[in-house]
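Engineer: Compute the structure for the input listed below.
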Amino acid sequence: MKILAIGDLVGDIGYQKLRKILPELKKENQIDFTIVNGENVAGGMGITQKHLDGILTAGADVITMGNHTWGKKDIFNFIDCSQLIRPANYSKGVPGKGYGVYECKQKKILVINLIGRTDMNVLSENPFTVVDAILQTFHSKVDYTIVDFHAEATAEKIAMGYYLDGRAQIVFGTHTHVQTADESILPKGTAYITDIGMTGPKYSVIGMDIATSMKRFVTSLPERYKLAEGEAVLNGCLFEINDETNTMVQIQRINR
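Structural biologist: Reported below is the predicted structural model:
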């Protein structure tokens, strides 16, 4: 099975890039299952019904979220969509779900969304203990487990990779919008990458207007948030699993 994970969609530029590229990317690489992080798609913060529908129509099977899950209040109208998951370790009682089980090629795939706690400024529970509880619940009930860890600190992401090594087929990071070059299959068989990157404005500061970003750093004064414009880039990662042994075959970064 071939699984594609697409990095954080940023604004309309990222949304349109995905809509244009994803169908041909799936066909070109014979993709079976696709996960897209959509937490920045609506003006850089959150997601709307229009974006949800457009991402799914383009070919995504699951949409994951992150620290901007609640950026657009429209989400409360569709938070229970079976193909949309938000971080599982958000505080108890918030709407939505943090994981889902999906079927593809007669395999059951558990997709879990988690959020980090280091420098994230989001109230959340411990992602390590929360993922333990989820895995215990679905032990022997699914064939593959995939984790999108939306976190700032590379150390926290790497620790999660090793923590889940041998217990999940795939662990990939999102949030920093910068694709890392550390893709690998860990000692116990889990495919891991610290961050799969961003789908959004190519010439930008993690999706933000360059001049605005420089002004913030140079003057140390607050500057209104502004998305960059222009050419778009699509970042992601392709994972291949041997369906007979349920083991990882390869991991490959995508940059289009």
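
Engineer: Now do the phi/psi pair for the residue of the chain positioned farthest from its centre.
Structural biologist: Centroid-distance maximum for the chain: Thr219 at 32.7 Å, with C-alpha atoms, centre = their mean. Backbone torsions for Thr219, taken as degrees, to the nearest 10, come to phi -90, psi -20.

Engineer: what's the pLDDT at it?
Structural biologist: Looking at Thr219, its pLDDT stands at 94.

Engineer: just Val122 next, same as before
Structural biologist: pLDDT for Val122: 89.

Engineer: okay, now Gln83: neighbour count?
Structural biologist: Gln83: 17 surrounding residues under other C-beta atoms under 10 Å. To be clear about C-beta, it is placed using only N, CA and C from the backbone, and glycine gets the same treatment.

Engineer: what does Ser184 give?
Structural biologist: 12.

Engineer: Just confirm Ile134 contacts Tyr99, I think it does.
Structural biologist: Yes: between Ile134 and Tyr99 there is a contact at 5.7 Å, judged by C-beta atoms under 8 Å.

Engineer: So those two - more neighbours on which side?
Structural biologist: Ranked by neighbour count (other C-beta under 10 Å), Ile134 and Tyr99 place Tyr99 first, with 24 against 18.

Engineer: Could you check how far that one is from Pro87?
Structural biologist: Plainly put, Tyr99 is 10 Å away from Pro87 if you go by C-beta to C-beta, to the nearest Å.

Engineer: Between the two, which contacts overlap?
Structural biologist: The contact sets of Tyr99 and Pro87 overlap at Asn113 (C-beta atoms under 8 Å, 6 or more residues apart in numbering).

Engineer: For the residue lying closest to Gly66 once chain neighbours are set aside, the count of nearby residues, please.
Structural biologist: Of all residues beyond its chain neighbours, the one nearest Gly66 is His150 (3.6 Å), with distances taken as C-beta to C-beta, 6 or more residues apart in numbering. Counted with other C-beta under 10 Å, residues neighbouring His150 total 28.
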